[in-house]
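Q: need a structure here:
(chains A and B)
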Protein chains: 2
Amino acid sequence: MVTVYSAPNTRAIRVIWVLEEIGAKAEIKSMPYPPRQHAPDYFAVNPTGMVPLLIDGEVRLSESMAICDYLATKHGSPLVVPPNDPERPQFLQWLWYGESTLMTPLSRLNIVRQVERQFERKGGPEVEAIIAGARDHVGERLKMLEQRLEGRDFLAAGRLTLADISVSYPLHLVGMLGVDTLLGPRCVAYRERLRARPAYQRAIAVS
Amino acid sequence: MVTVYSAPNTRAIRVIWVLEEIGAKAEIKSMPYPPRQHAPDYFAVNPTGMVPLLIDGEVRLSESMAICDYLATKHGSPLVVPPNDPERPQFLQWLWYGESTLMTPLSRLNIVRQVERQFERKGGPEVEAIIAGARDHVGERLKMLEQRLEGRDFLAAGRLTLADISVSYPLHLVGMLGVDTLLGPRCVAYRERLRARPAYQRAIAVS
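A: Here you go, the predicted structure:
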């Protein structure tokens, strides 16, 4: 039996969503966020305190997209676009976009907001500049997604793939961070389409 | 002929390194960093101004690790650990670690340093907290790498793979950002081992 350590609103959503889409059973161990604060025993399991973490026999993985690829490949799922498929290059592009190009400025915005909460005040002009720069990056990078979604329901191969599951997490963070105004109309409709999937809803409920 | 748009000290190093390792020809169009400032004509090619960008006939990719996977797979290179290989899970883990877990706090540190340079002064306590938090993250996440490198020259499959090429870029940034003291002895030796490769040196020279 596969074990997944999870916490709400983390990249663990991706992993549980994949499990739900392929109908694979797993033991989900969900902890309050952040585990490093609310589940100190977890440090004994994972010294960085990060989630997700997958344990499958001898296999132990902590990168959410590595886990998604591992699980989907293990189950022969069409969530992976195979190397010989003509859509493979675009699959790879959007798979990485979701964790690199789009995620990086959102992660920065998230951390700066956390620091502002710690200090219980707005930061000075430097902090404002960091926030404005991150918002600008998110906005311009979402335009790439808006363009890609012209005439498409999914990012590659005309079906739900790991590329969509990758991009879904930064789109979730866009909502969490209250910057939904940066989404174009196709991005809004796309996020709704993903959220409407029963497997996604179960993943959100369980994570 | 493949075209790669590049700039020094960017993720384009990864792409050119892959091309050099597999001995594939390409036209490298290198611009001063940042292209958005020094090569405004580039916006007509790539509206985000980001590098790398690969153009190969109809294929157009801007995520560095997507490009690396695309090129290595196209050439049947052993830089990719195939899905049926028992080392595949660890290959995936470190492939994503290099752009997600390790890269995210380094990217944050990089941006905050840029903002401090713009303001020509040290930021206030919030900026100090963001920098300290990023350094802590980099330090604790490098410990994962230090542990993985025990008894290993490379991260997966006992040979150079895209996982190493992924991780090489954040290790390059560690040097650029002057936080080398966060590297353990195995990480230092590993970075030297990667830097000693002729293909890496050519990539640094050309990018």
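Q: drop to CA atoms for contacts and neighbour counts, all remaining ones
A: Noted.
Q: ok, residue A:156 - contacts?
A: A:87, A:88, A:90, A:91, A:94, A:163 (CA atoms under 8 Å, 6 or more residues apart in numbering or on different chains).
Q: okay, the residues you listed in JSON lines with distance to chain B and neighbour count next?
A: As requested, the contacts of residue A:156 are exported to JSON lines (distance: CA to the nearest CA, whole Å; neighbours: other CA atoms under 10 Å in any protein chain shown):
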{"residue": "A:87", "distance to chain B": "10", "neighbour count": "16"}
{"residue": "A:88", "distance to chain B": "8", "neighbour count": "17"}
{"residue": "A:90", "distance to chain B": "8", "neighbour count": "19"}
{"residue": "A:91", "distance to chain B": "9", "neighbour count": "24"}
{"residue": "A:94", "distance to chain B": "8", "neighbour count": "28"}
{"residue": "A:163", "distance to chain B": "12", "neighbour count": "25"}
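Q: Give me every residue in chain A lying close to chain B.
A: Applying CA under 8 Å from any CA of the partner chain, one finds that chain A approaches chain B through A:48, A:59, A:61-63, A:65-67, A:69-70, A:73, A:83, A:89-90, A:92-93, A:95-97, A:99-101, A:104, A:107-108, A:111-112, A:115-116, A:119, A:123-124, A:126-127, A:129-130, A:140-141.
Q: Would you mind listing which of the residues you listed are buried?
A: Buried by 16 or more other CA atoms under 10 Å in any protein chain shown: A:48, A:61-63, A:65-67, A:69-70, A:73, A:89-90, A:92-93, A:95-97, A:99-101, A:104, A:107-108, A:111-112, A:115-116, A:123, A:126-127, A:129-130, A:141, out of these.
Q: Filter these down to just the ones in strands.
A: Taking DSSP state E, the ones among these that sit in strands are residue A:61.
Q: Out of the buried ones among the residues of chain A next to chain B, which sit inside helices?
A: Among these, DSSP state H puts A:65-67, A:69-70, A:73, A:89-90, A:92-93, A:95-97, A:104, A:107-108, A:111-112, A:115-116, A:126-127, A:129-130, A:141 in helices.
Q: Torsion angles phi and psi at the residue positioned nearest the centre of chain A?
A: In chain A, the centroid-proximal residue (CA atoms, centre = their mean) is residue A:169; its distance is 2.7 Å. Here is the backbone geometry of residue A:169 (degrees, to the nearest 10): phi -70, psi -50.
Q: same question, the one 5 residues further on
A: Listed backbone geometry of residue A:174 is phi -50, psi -40, with angles given as degrees, to the nearest 10.
Q: and the spatially closest residue to it that is not a sequence neighbour, how many neighbours?
A: With sequence-adjacent residues excluded and distances taken as CA to CA, 6 or more residues apart in numbering or on different chains, residue A:174 is closest to residue A:180, at 5.9 Å. Neighbour count for residue A:180, taken as other CA atoms under 10 Å in any protein chain shown: 16.
Q: can I get the CA coordinates of the helix or strand of chain A with the lowest mean pLDDT in PDB?
A: The helix or strand of chain A with the lowest confidence, counting by mean pLDDT, DSSP states H and E, is helix A:35-38 at a mean of 90. Below are the C-alpha coordinates for helix A:35-38, written out as PDB (Å, rounded to 0.1, in the frame of the first residue of the first chain):
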ATOM      1  CA  PRO A  35       3.300  20.300   9.400                       C
ATOM      2  CA  ARG A  36       6.600  21.700  10.700                       C
ATOM      3  CA  GLN A  37       4.600  23.700  13.200                       C
ATOM      4  CA  HIS A  38       1.600  21.500  13.900                       C
END
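Q: Cool, thanks, talk later.
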